[in-house]
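Asks: Below: sequence and its predicted model.
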Amino acid sequence: MFAAKFVNSLAIDYGTKRSGTAIGEVYLLDQQKKINIFPYKTFDSKNRKTLIDELINVIQLYQISQLVVGVLPNKNNQKRQTTILSQKIARQIFGQTHLPYFFVDESYTSVDAKLDAIKQENVDAYAAKIILEIFFANIIP
């Protein structure tokens with residue numbers, strides 16, 4: 001049996017009060033791709049510098065190789081404030097880590113995460129997990 005890890009991804013569901021995170025691992029196991037995604041933690045987002053420092057600690061701890069950041073689609077041809085801030089955070093993390101980053105439409109991820117009562121206490125991290133599931137579903141056949 002041959003197993004090799006391809007990539008560790010960190011998903012971020014940014015919010016102005018809280019930001020959820022999830023970690024995804026992609027493996028090659030006996031010529032088959034295997035994906036493991038788990039909600040990680042919800043961070044306080046009120047201080048963006050502190051948030052970025054905490055995210056960089058996660059990146060180092062889990063040897064993250066790429067970021068996947070949820071963004072909302074434009075409303076009336078205007079970027080939403082949370083989308084602007086999400087993109088800014090991705091660029092700031094890139095500036096310190098040089099990790100590639102990708103944006104995923106996060107519409108309804110928090111709603112979907114709230115549907116499961118078990119997840120109520122960690123909705124933002126579960127929303128980040130859904131963001132990563134969407135990302136992997138679109139890039140891994």
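Replies: Done, it's in.
Asks: Relative to residue 127, how far out is residue 138?
Replies: 17 Å (C-beta to C-beta, to the nearest Å). The C-beta positions use only the backbone N, C-alpha and C, and glycine is treated the same way.
Asks: between the two, which one's more packed in?
Replies: Legend: neighbour count by other C-beta atoms under 10 Å for residue 138 and residue 127, higher for residue 127 (30 against 10).
Asks: Surely the more buried one touches residue 20?
Replies: Yes: using C-beta atoms under 8 Å, residue 127 is in contact with residue 20, at 5.2 Å.
Asks: Overlap in contacts, those two.
Replies: Residues touching both residue 127 and residue 20 comprise residue 13, with contact defined as C-beta atoms under 8 Å, 6 or more residues apart in numbering.
Asks: Which residues belonging to stretch 55-63 are considered buried?
Replies: Across stretch 55-63, burial judged by 16 or more other C-beta atoms under 10 Å covers 55-56, 58-59.
Asks: which among the residues you listed gets closest to residue 28?
Replies: Nearest to residue 28 among the buried residues of stretch 55-63 is residue 59, at 22.5 Å by C-beta to C-beta.
Asks: which ones are touching that closest one?
Replies: Residue 59 sits next to 10, 93, 97, 99 when contact means C-beta under 8 Å, 6+ apart.
Asks: Can you say which two of those residues are spatially most distant?
Replies: Taking C-beta to C-beta, the two most distant members of those are 10 and 97; they sit 10.2 Å apart.
Asks: what about the two, which has more around it?
Replies: Each of residue 10 and residue 97 has its neighbours counted (other C-beta under 10 Å); residue 10 has more, 24 against 16.
Asks: In CSV, could you pull the C-alpha coordinates for the host helix or strand of that one?
Replies: Taking DSSP states H and E as the criterion, residue 10 maps to strand 3-13. Included here for strand 3-13 are C-alpha records, laid out as CSV according to Å, rounded to 0.1, in the frame of the first residue of the first chain:
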residue,chain,number,x,y,z
ALA,A,3,0.2,6.6,0.6
ALA,A,4,1.5,10.1,-0.1
LYS,A,5,0.0,13.4,1.0
PHE,A,6,-0.6,15.9,-1.8
VAL,A,7,-1.7,19.0,-0.1
ASN,A,8,-3.0,20.5,3.1
SER,A,9,-5.5,23.3,2.7
LEU,A,10,-6.9,25.9,5.1
ALA,A,11,-10.4,27.2,4.4
ILE,A,12,-11.5,30.5,5.9
ASP,A,13,-15.1,31.6,6.4
